[in-house]
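Colleague: output the structure for:
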Amino acid sequence: MPAKKSVFLLNQAKKHKLSIVLSVLLVVLSLQLKPALAQQTQTPVEKAKSDYNFQIAKYNDSHESYITAKESYLSFKTAVAKTNAFTQTKTYLGQTGQLYLSFFSLLQEHVNSIKWTNLSSFNQDASNILNEESAYFREFNQRVESTKTLEELPPLADELQAHIRNDTEPKMNKVLAILEIGQTDASLSEFNTLSNILDRIVLFKLRSGEAQSVLANWSSEIKSIRDITQSNIDKAKEEIAARPQTTYTKGDLDRVTDQTTAAKEELKRSEPLLREAARII
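Modeller: Below you'll find the predicted structure:
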């Protein structure tokens with residue numbers, strides 16, 4: 001909403017518009033991802049989540065078939081059992097790769113859904129990591145698909161396990177940390193948009209001598225929330241920059257989450273203050 005002199009004309013129409021803006025922000029500050037109304041079509045995030053859940057189901061089925069075929073081969077050692085073990089192991093490895101690919105797609109849609117107003121480099125870092133991992137898993141699945149014998153699969157399984165442990169897990173910890181910061185920073189941006197509008201209205205009220213003490217304290221409290229939230233986000237950014245993505249641990253992710261959680265809690269503290277402002281002005 002542009003900052004014009006008409007904002008300061010506190011007639012009923014303006015109060016109504018301000019209440020609408022206020023209501024929208026309060027929804028954002030609740031940090032809930034549920035839509036207010038049921039949508040006819042899925043969002044990109046919802047579609048990616050649906051595909052991820054589908055791939056989990058397929059992964060579980062392929063794992064069960066792999067275990068059964070493996071036990072049968074170890075028991076009977078026949079050519080038929082070996083062929084079945086090869087087929088099911090190959091399917092299981094391929095489905096493992098596909099599950100990770102769907103997970104990367106889900107994370108990318110979450111990245112795309114955030115307004116990276118102040119953190120465009122973080123946005124690019126997350127996308128680069130996800131693209132790199134997706135490229136590896138696509139190439140891995142191609143190699144799995146080209147195998148012809150059971151003996152070719154155990155080395156590929158060992159390679160995949162090592163890659164997930166040494167590369168995928170630390171990189172995903174970093175992506176999740178970036179998402180934590182991005183979502184929190186986007187909420188702060190929404191808060192700043194509305195609070196800046198309200199600040200101008202409050203300033204007008206203060207100059208006119210209306211409810212000076214209440215409004216002065218309100219303005220001071222809003223500034224405190226803004227400053228503390230930004231400080232927590234800055235600390236989270238420092239945490240994320242302190243470790244390279246190849247060694248980013250769950251503990252590193254937890255430290256970022258601690259800071260973003262503190263920032264979110266601070267933003268929640270503004271909800272009654274914003275409601276109070278709507279009543280006063």
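
Colleague: centroid residue for the chain?
Modeller: Taking Cα atoms, centre = their mean, the centroid of the chain lies closest to residue 179, which sits 4.0 Å from it.

Colleague: for residue 242, grab phi and psi.
Modeller: Phi and psi for residue 242, reported as degrees, to the nearest 10, are phi -80, psi -20.

Colleague: gap between it and residue 190?
Modeller: 28 Å (Cβ to Cβ, to the nearest Å). Placement of C-beta: from N, CA and C, glycine included.

Colleague: out of those two, which sits in the busier spot?
Modeller: For the pair residue 242 and residue 190, the greater number of neighbours falls to residue 190 (18 against 11), based on other Cβ atoms under 10 Å.

Colleague: if we can go back for a sec, excluding residues flanking it in the chain, which one is nearest the residue nearest to the centre of the chain?
Modeller: residue 110 (5.7 Å; Cβ to Cβ, 6 or more residues apart in numbering).

Colleague: for the helix or strand hosting that neighbour, which residues meet the burial criterion?
Modeller: Per DSSP states H and E, residue 110 falls inside helix 79-113. Judged by neighbour count using 16 or more other Cβ atoms under 10 Å, the buried positions of helix 79-113 are 81-82, 84-86, 88-111, 113.

Colleague: just checking, what packs against that helix?
Modeller: With contacts taken as 3 or more Cβ pairs under 8 Å, 6 or more residues apart in numbering; DSSP states H and E, helix 79-113 sits against helix 44-76, helix 120-145, helix 153-163, helix 169-207.

Colleague: in three-state terms, label the nearest residue to residue 189 once chain neighbours are set aside for me.
Modeller: Among residues not flanking residue 189 along the chain, residue 117 sits closest, at 5.1 Å (Cβ to Cβ, 6+ apart). Following DSSP: H, G, I helix; E, B strand; the rest coil, residue 117 is assigned to coil.

Colleague: okay, now residue 117: neighbour count?
Modeller: Residues near residue 117, counting by other Cβ under 10 Å: 14.

Colleague: pLDDT score for it?
Modeller: Listed pLDDT for residue 117 reads 85.

Colleague: check contacts around it.
Modeller: Contacts for residue 117 (Cβ atoms under 8 Å, 6 or more residues apart in numbering) come out as 185-186, 189.

Colleague: list just the nearest of those residues to residue 197.
Modeller: residue 189 (13.4 Å; Cβ to Cβ).

Colleague: state the distance from the closest one to residue 114.
Modeller: Distance from residue 189 to residue 114, by Cβ to Cβ: 10 Å.

Colleague: more crowded one of these two?
Modeller: Counted by other Cβ under 10 Å, residue 189 and residue 114 do not tie: residue 114 has more neighbours, with 20 against 15.

Colleague: mind checking pLDDT for the nearest residue to that one once chain neighbours are set aside?
Modeller: Nearest non-adjacent residue to residue 114, counting by Cβ to Cβ, 6+ apart: residue 182, 4.4 Å away. Residue 182 carries a pLDDT value of 96.

Colleague: look up how far residue 270 lies from residue 182.
Modeller: Where residue 270 is concerned, residue 182 sits at a distance of 20 Å (Cβ to Cβ).

Colleague: and for residue 88?
Modeller: Counting by Cβ to Cβ - residue 88 and residue 270 are separated by 55 Å.

Colleague: for residue 153, same thing?
Modeller: For residue 153, the distance to residue 270 - Cβ to Cβ - is 56 Å.

Colleague: before we move on, back to that, for the residue nearest to residue 189, grab phi and psi.
Modeller: phi -60, psi -50.

Colleague: how near is it to residue 93?
Modeller: 41 Å.

Colleague: now residue 264
Modeller: In this view, residue 264 and residue 93 are 40 Å apart by Cβ to Cβ.

Colleague: please apply the same query to residue 162.
Modeller: 14 Å.

Colleague: cool, residue 143 as well?
Modeller: Distance of residue 143 to residue 93, computed by Cβ to Cβ: 10 Å.

Colleague: who touches both of the two?
Modeller: Joint contacts of residue 143 and residue 93 (Cβ under 8 Å, 6+ apart) are residue 156.

Colleague: tell me who's in contact with the nearest residue to residue 86 once chain neighbours are set aside.
Modeller: Once flanking residues are discounted, residue 86 sits nearest to residue 150: 4.1 Å by Cβ to Cβ, 6+ apart. By Cβ under 8 Å, 6+ apart, residue 150 lies in contact with 82, 85-86, 89.
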